[in-house]
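> Dropping the sequence and predicted coords here.
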Amino acid sequence: MPESPSDLAGRILKHFTAVHLEVFLGDPVCNPKLRVEVLEEAVAHDTPTLVLITPWTINGLAFPPDGTLPDTLTVNRRSLPVFVTDIAGIGVVHSVNLVANTATLASPEAARTAARALSGDFRHAIARAREAAQVADPGRRELFRIRTHRDE
């Protein structure tokens, strides 16, 4: 059984808070008004997802149970690359950069609003990708096979 999004959220929050303190604190690319937050924990098809707000970016994170996602996803009509990282203590994380530059966000609430505005499209993109991958799976394709006279 895959890990629940809320279990993942706690570990993601802890990890990226440490990254912020150890790597990005004081970095000019960071928005000093923002902190690390996790929002929109959900399951898209069979894949736990969440949205991660950091002072330097907003990412959609996905944890497909078989580790399979395409190289790009279409989110809010934009084709975005999917980055794969293996994080110690968390595992394989698939991330999509939803908001590349947080510098213009005036407040934590503005960051939450931006994250929530994109989270539904992100989850739908994950669900579509996972459904397509499972139908393309030869074992599952057999479910839809139409028998013909030649097959008998």
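Happy to help now that I have it.
> Name the residue closest to the centre of this structure, please.
For the chain, L61 is the residue whose C-alpha lies nearest the centre (C-alpha atoms, centre = their mean; 2.1 Å).
> Could you pick out the longest helix of the protein?
The residue-count maximum for a helix in the chain (DSSP state H) belongs to helix 108-136.
> What are the buried residues along that one?
Buried positions in helix 108-136, judged by neighbour count with 16 or more other C-beta atoms under 10 Å: 111-112, 114-115, 118-119, 121-123, 125-127, 129-130, 133. Just so you know, the C-beta spots here come from the backbone N, C-alpha and C atoms, and that holds for glycine as well.
> Now do that helix: which elements does it pack against?
Contacts defined by 3 or more C-beta pairs under 8 Å, 6 or more residues apart in numbering; DSSP states H and E place helix 108-136 against strand 37-44, strand 47-53, strand 58-62, strand 72-75, strand 91-99.
> Please identify the one among those that comes closest to G26.
Among the helices and strands packed on helix 108-136, strand 47-53 comes nearest to G26, with 18.4 Å by C-beta to C-beta.
> Would you agree L13 falls within a helix?
Yes: under DSSP: H, G, I helix; E, B strand; the rest coil, L13 falls within a helix.
> you'd agree it is up against R35?
No: L13 is beyond contact range of R35, at 10.0 Å (criterion: C-beta atoms under 8 Å).
> So what sits opposite the residue nearest to the centre of the chain in the bridge?
For L61, the beta-bridge partners are L50, S95 (DSSP bridges).
> likewise V99?
Applying DSSP bridges to V99 gives these bridge partners: I58.
> residue contacts, it?
T57, I58, L105, A111, A114, A115, L118 (C-beta atoms under 8 Å, 6 or more residues apart in numbering).
> Tell me the one of the residues you listed nearest D46?
L118 (21.2 Å).
> Give me the distance between the closest one and R11.
To R11, L118 is 22 Å away according to C-beta to C-beta, to the nearest Å.
> And for A18?
Separation of A18 from R11 (C-beta to C-beta) stands at 11 Å.
> When those two are compared, which one has more neighbours?
When A18 and R11 are compared on other C-beta atoms under 10 Å, the one with more neighbours turns out to be R11, at 15 against 11.
> Skip the chain neighbours and tell me the closest residue to that one.
What sits nearest to R11 in space, not counting adjacent residues and going by C-beta to C-beta, 6 or more residues apart in numbering, is I90, at 5.3 Å.
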